[in-house]
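1. This is a predicted model, with the sequence first.
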Amino acid sequence: MTTADTPQTWDEFMEGVWRQNPVFVMVLGMCPTLAVTVSAINAISMGLATLFVLVCSCGLVSMMRKVTPKEVRIAVYIVIIATFVTAVDYAIQAISLALYDALGAFIQLIVVNCIILGRAEAHAAKNPPMPAMINAAGMGVGFTIGLLALGVVREILGAGTLLGVTLFGAGFQPWVIMVLPPGGFFVLGAWLLFFAWLERRKLRRSAQLTEVGQHV
Amino acid sequence: MSESAFQIFVNALLANNFVLAMFLGLCPFLGVSGKLDTAFPMGVATTFVMLVASLCAYGLNLLLTAFHLEFLRLISYIVIIASSVQLVEMVLKKYSPTLFRALGIYLPLITTNCAVLGVALFQTAREYDFVQSMVFSFGGGAGFTLALVLMASVRERLTLSNVPDLAQGTALSLMLAGILSLSFMGFAGLGG
């Protein structure tokens, strides 16, 4: 990598992390997002597993992009993704059985995470391996951040802990609904509202600035 | 596992509703639930794919277990699902082109609907026998349809009401889904 293309590479990476964040901007891959984020540690593990599958499969899809017939490309992508997911599935089982039980079927369900197939189709299939993997890594990191944002809020509100450490005194009443299914919907909805509000405020600021500029 | 078929059905339909309690199949749930006219057929198509996929997955699992090829399970399940979606797509295209166009991109996306793969994976994990698997997938599909139809009806009404701009779109749908999910929690314990 030369220094000349570093800004562009960085840009490519940041696209997935921030501007096109898969969780908050594109609202993709909702099923694992909501299902496993009952605690921060689950969220991180799920994010990292997805990141690994995303980078590996986008790399491979990109390497094979010239030999893949257009008609069967989706099938090829899915088989590639499923292979990596199987690897991750067995790896997590070997590393921590407790974690494996907590994530349950959702590790295998990474296969049908729309983010991965979406990246393979929209980016990896058209670009050489290196940019494809960088882009995928950005998306994966963005996804992990999104999961973490949900997991942290839900764990603090619903159990009064963060990464298993108790945060509040004995008087804390856990808001149980937050670790139950409805909590997932509410917290994600609230995050989306927050980002919409930020966006709105930014727009209004820049509108005011231009207005002032015109008057002067 | 000695649940009766009825218990499995009620559990999959209400208490453990695929969409609202287990978070499976959220993409079409948020994507297609804008209009009642498309929500219902989408639910039926998904249910059909689930039944076919569950049937094939059951047979295939016997085969894989017999040859000790369990590590191929995920790959073969997803291939089966992709082919059953293709089947539904061809049937719909021939018999109801309008519906085919209305469902659009969401039809091939049934392949990546977690609910379909979820059915296949859960029935394997819980070691359901043949009848239990079929009942489970039908209950799951019916539950998915129910959630989709409920959501679509509420969203159709909401287009007429005055909602703050900021909350328009996905945030609003998510809040709605949360409230629906909250009410479905009332069914907990129903299936015993």
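-> Thanks, I have it. This one's a predicted model, so the numbers in the text were calculated from it and none came from an experiment.
2. how about A:A196, secondary structure?
-> Three states are possible here, and by DSSP: H, G, I helix; E, B strand; the rest coil the one that applies to A:A196 is helix.
3. Look at residue 52 and say how many residues are nearby.
-> The chain I'm using is chain A. By the criterion of other Cβ atoms under 10 Å in any protein chain shown, A:F52 has 18 neighbours. Heads up, the C-betas are built off the backbone N, CA and C, glycines and all.
4. The intended chain is chain B.
-> Considering only other Cβ under 10 Å, B:V52 is surrounded by 19 other residues.
5. Those residues of chain B touching chain A, which are they?
-> Taking Cβ under 8 Å from any Cβ of the partner chain as the criterion, the neighbours of chain A within chain B are B:20-27, B:30, B:71, B:74-75, B:78-79, B:82, B:108-109, B:111-114, B:116-118, B:121-122, B:125, B:166-167, B:170-172, B:174-175, B:177-179, B:181-182, B:185.
6. Pop out the phi and psi values for A:V165.
-> Taking degrees, to the nearest 10, you get phi -90, psi 130 for the backbone angles of A:V165.
7. Quick one: name whatever helix or strand follows the helix or strand encompassing A:R119.
-> Of the helices and strands defined by DSSP states H and E, A:R119 is found in helix A:114-119. Going down the chain from helix A:114-119, the next helix or strand is helix A:129-159, by DSSP H and E.
8. still on that earlier bit, quick check on the residues of chain B next to chain A: which are buried?
-> Buried members of these, counted by 16 or more other Cβ atoms under 10 Å in any protein chain shown: B:20-27, B:30, B:74-75, B:78-79, B:82, B:109, B:111-114, B:116-118, B:121-122, B:167, B:170-172, B:174-175, B:177-178, B:181-182, B:185.
9. In contact with B:P108, which residues are there?
-> The neighbours of B:P108, taking Cβ atoms under 8 Å, 6 or more residues apart in numbering or on different chains as the test, are A:74, B:85, B:89.
10. Which of these ranks first by neighbour count?
-> Neighbour counts for those were taken using other Cβ under 10 Å; the highest belongs to B:V85, with 24 neighbours.
11. Would you list the phi and psi of that one?
-> Torsion angles, degrees, to the nearest 10, at B:V85: phi -60, psi -40.
12. Cross-check the contact I'm expecting between it and B:T112.
-> No. Distance between B:V85 and B:T112: 9.3 Å, which falls outside the contact criterion (Cβ atoms under 8 Å).
13. Where does the prediction get shaky in chain A?
-> Along chain A, segments meeting pLDDT under 70 span A:1-7, A:169-170, A:213-216.
14. repeat that for 90
-> Along chain A, the parts satisfying pLDDT under 90 run over A:1-50, A:54, A:57-83, A:85-216.
15. Determine the next helix or strand in the C-terminal direction from the helix or strand containing A:C31.
-> For A:C31, the host element (DSSP H and E) is helix A:30-35. On the C-terminal side of helix A:30-35, the closest following helix or strand by DSSP H and E is helix A:40-63.
16. what inclination does that next one have with respect to helix A:129-159?
-> Orientation of helix A:40-63 against helix A:129-159 (axes from the mean of the first three to the mean of the last three Cα atoms, to 10 degrees) gives an angle of 160 degrees.
17. So which elements touch helix A:40-63?
-> Judged by 3 or more Cβ pairs under 8 Å, 6 or more residues apart in numbering or on different chains; DSSP states H and E, the packing partners of helix A:40-63 are helix A:73-95, helix A:97-103, helix A:114-119, helix A:129-159.
18. at 6 Å instead, please
-> In terms of contact count using 3 or more Cβ pairs under 6 Å, 6 or more residues apart in numbering or on different chains; DSSP states H and E, helix A:40-63 is assigned the packing partners helix A:73-95, helix A:129-159.
19. Next, count neighbours for residue 94.
-> All of this refers to chain A. When neighbours are defined as other Cβ under 10 Å, A:A94 has 9 of them.
20. was after chain B, sorry
-> When neighbours are counted by other Cβ under 10 Å, B:K94 registers 9.
21. does it sit in a helix or strand, and which one?
-> Assigned by DSSP H and E, B:K94 falls within helix B:73-95.
22. Near chain B, which residues of chain A? Just list them.
-> Those residues of chain A that sit near chain B, judged by Cβ under 6 Å from any Cβ of the partner chain, are A:27, A:30-31, A:34-35, A:78, A:82, A:86, A:105, A:108-109, A:111-112, A:114, A:117, A:181-182, A:185-186, A:188-189, A:192-193, A:196.
23. how close does the residue lying closest to A:I44 once chain neighbours are set aside get to A:W191?
-> Taking Cβ to Cβ, 6 or more residues apart in numbering or on different chains, and ignoring the residues beside it in sequence, A:I44 has A:L148 as its nearest neighbour in space, at 6.2 Å. Shown here: A:L148 relative to A:W191, a distance of 11 Å by Cβ to Cβ, to the nearest Å.
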